[in-house]
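K.L.:
need the 3D shape of this:
(one chain, ligands or ions: 1)
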Amino acid sequence: MKTSFILDTSAILSGILAKPFKGNIWITKEILSEIKQFELNMLVDAYIEAGMLNIGHPSTNSIRKVINAAVKLGETSALSKADVSILALGIDLFLQGENVIILTNDYSIQNVALELGIKYKSIGKQKISRKIIWLHYCQDCGYSARIIVNSCPKCGSKNIKRTVSKYYKTT
Ligand SMILES: [Zn+2]
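P.N.:
As a prediction, this is how the structure comes out:
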């Protein structure tokens, strides 16, 4: 079985591209545009030109699956478009029969990957062995929900905080 490593922005920033990989390396165009904010795009472009870095285009179906999982866990506000794209690419490559490992230090990506059954590895840090479900609450009126996107649906306040509603070990 082929191994496909999917890198998020935190993985690329950690300098992991300089290390040898046994398998294919993937990112998405959303990760690429995040990377362009840093001064690493020349390095990344060189890898793409050399054919060492593949750009994946995740399917709409898989993107939907990732968003559903994120909603369930209350992680929607913590995930960027780029984060969603690599998780969705992970599902697509897995469905194509590949052994998928997402390399990321981002806690929310790891949390959603756990929920989706996608393998991940941290770079330099320990991987999490627990799942967290977030709860968002309004500091003004006390309204709470798994997700509150921008402002409180009850009183309109933007004073939204996030707290842990459920926390369990998965090992
Ligand atoms: Zn409120």
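K.L.:
can you list the domains in the chain?
P.N.:
Split into domains by automatic domain parsing, the chain comes to 3-121, 130-169.
K.L.:
what does the pLDDT read for N24?
P.N.:
On the pLDDT scale, N24 is placed at 93.
K.L.:
which residue packs closest to it, ignoring adjacent ones?
P.N.:
Spatially, and ignoring its direct neighbours in sequence, N24 is nearest to S4 (5.0 Å; C-beta to C-beta, 6 or more residues apart in numbering). Bear in mind the C-beta positions are built from the backbone N, C-alpha and C, glycine included.
K.L.:
spit out the contact partners of that neighbour.
P.N.:
By C-beta atoms under 8 Å, 6 or more residues apart in numbering, S4 lies in contact with G23, N24, I25, W26, L93, E98, N99, V100, I101.
K.L.:
which of the residues you listed sits closest to I16?
P.N.:
I25 (9.0 Å; C-beta to C-beta).
K.L.:
quick check: the closest one touching G51?
P.N.:
No. At 10.4 Å, I25 does not count as touching G51 under the criterion of C-beta atoms under 8 Å.
K.L.:
of those two, who's got more company?
P.N.:
Ranked by neighbour count (other C-beta atoms under 10 Å), I25 and G51 place I25 first, with 19 against 7.
K.L.:
sec struct for the more buried one, please.
P.N.:
Here I25 is recorded as strand under DSSP: H, G, I helix; E, B strand; the rest coil.
K.L.:
what bridges to it?
P.N.:
F5 (DSSP bridges).
K.L.:
what's the distance between it and I35?
P.N.:
13 Å (C-beta to C-beta, to the nearest Å).
K.L.:
next, the buried residues of stretch 54-73.
P.N.:
Judged by neighbour count (16 or more other C-beta atoms under 10 Å), stretch 54-73 contains these buried residues: N54, G56, P58, S62, I63, K65, V66, I67, A69, A70, L73.
K.L.:
so which bits of this protein are right by the ion?
P.N.:
Listed as neighbours of the ion in the chain under the rule C-beta under 5 Å from the ion: C138, D140, C141, Y143, C152, K154, C155, S157.
K.L.:
which ChimeraX command selects the buried ones in the residues you listed?
P.N.:
In ChimeraX syntax, the buried subset of these is picked out as below (16+ other C-beta under 10 Å):
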select :138,143,152
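K.L.:
switch the residues of the chain next to the ion over to a markdown table; also include secondary structure and pLDDT.
P.N.:
Below are the residues of the chain next to the ion laid out as a markdown table (DSSP: H, G, I helix; E, B strand; the rest coil; pLDDT from 0 to 100):
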| residue | secondary structure | pLDDT |
| --- | --- | --- |
| C138 | strand | 90 |
| D140 | coil | 93 |
| C141 | coil | 94 |
| Y143 | coil | 89 |
| C152 | coil | 89 |
| K154 | coil | 91 |
| C155 | coil | 95 |
| S157 | coil | 92 |
